[in-house]
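Colleague: Here's my sequence, what's the structure:
(one chain, ligands or ions: 1)
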Amino acid sequence: MAVKAAVKKKRKRTPPARSKPKAAAKTSRVKAKARGNEIEKFREQLLAERTRLEEELREIESRAARVDEFDRATELSAYEDHPADLASETFEREKDLAIGESVEHMLHKVINALEKLDRGTYGRCDACGRPIKKARLRALPFATLCLMCQARLES
Ligand SMILES: [Zn+2]
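Modeller: Predicted structure coming up:
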């Protein structure tokens with residue numbers, strides 16, 4: 001019995017026919033290449049988005065700096081006769097702040113997705129670890145949550 005088991009073991013260890021693993025390797029290589037191309041496309045999209053958001057932030061910041069400079073030059077007394085101007089300027093500034101916050105929030109998401117790309121975890125949900133549907137990633141390349149976890153977060 002011991003001999004039989006040893007023979008069985010030995011037979012198992014003999015390498016299988018050459019053609020089969022070669023073909024399998026080729027298929028997985030092709031698949032990996034296709035996946036790689038798609039990932040690269042996502043990376044390009046994310047990098048472009050990051051540049052756009054960074055530019056937007058810079059613009060908002062320089063606008064805020066200009067307004068501050070204007071304030072220092074004119075002092076608030078200049079507004080005393082024109083409270084409407086002050087109100088509209090305050091409104092504009094509040095608006096910029098809100099836009100700046102949402103741009104920063106977006107930028108954070110994009111950077112997070114790029115980090116996931118580098119770590120090789122891109123396309124996986126941060127919350128449940130399940131793969132995020134390709135259609136969702138094509139629509140929102142910066143998505144770090146699957147649709148279900150996102151819905152749960154927003155409810
Ligand atoms: Zn999830």
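
Colleague: Lys133 touches Met148, doesn't it?
Modeller: No - using Cβ atoms under 8 Å as the test, Lys133 is too far from Met148 to be in contact (10.1 Å). Every C-beta, even on glycine, is put in place using the N, C-alpha and C of the backbone.

Colleague: what residues does the protein put near the ion?
Modeller: Counting by Cβ under 5 Å from the ion, the positions of the chain adjacent to the ion are Cys125, Ala127, Cys128, Cys146, Cys149.

Colleague: Tell me if Val67 really is in a strand.
Modeller: No - judged by DSSP: H, G, I helix; E, B strand; the rest coil, Val67 forms no part of a strand; its state is helix.

Colleague: measure the closest residue to it other than its chain neighbours to the ion for me?
Modeller: For Val67, ignoring the flanking residues on the chain, the nearest one in space by Cβ to Cβ, 6 or more residues apart in numbering is Arg93 at 6.4 Å. Arg93 sits 38 Å away from the ion, going by Cβ to the ion, to the nearest Å.

Colleague: so Arg93 is in which element?
Modeller: Per DSSP states H and E, Arg93 falls inside helix 83-119.

Colleague: which element follows that helix toward the C-terminus?
Modeller: helix 134-139.

Colleague: buried stuff in the next helix or strand after that following helix?
Modeller: Scanning forward in sequence from helix 134-139 by DSSP H and E, the next helix or strand is helix 147-154. Going by neighbour count (16 or more other Cβ atoms under 10 Å), the buried part of helix 147-154 is Cys149, Gln150.

Colleague: which other helices and strands contact helix 147-154?
Modeller: In this structure, helix 147-154 makes packing contacts with no helix or strand, judged by 3 or more Cβ pairs under 8 Å, 6 or more residues apart in numbering; DSSP states H and E.

Colleague: and that helix, C-alpha only, in CSV?
Modeller: The C-alpha trace of helix 147-154 is given here as CSV (Å, rounded to 0.1, in the frame of the first residue of the first chain):
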residue,chain,number,x,y,z
LEU,A,147,-22.6,51.1,-6.1
MET,A,148,-24.1,49.3,-3.2
CYS,A,149,-21.7,50.7,-0.6
GLN,A,150,-22.0,54.2,-2.1
ALA,A,151,-25.8,54.0,-1.9
ARG,A,152,-25.5,52.8,1.7
LEU,A,153,-23.2,55.8,2.5
GLU,A,154,-25.6,58.3,1.0
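
Colleague: From the chain's centroid, how far away is it?
Modeller: 16 Å (Cα atoms, centre = their mean, to the nearest Å).
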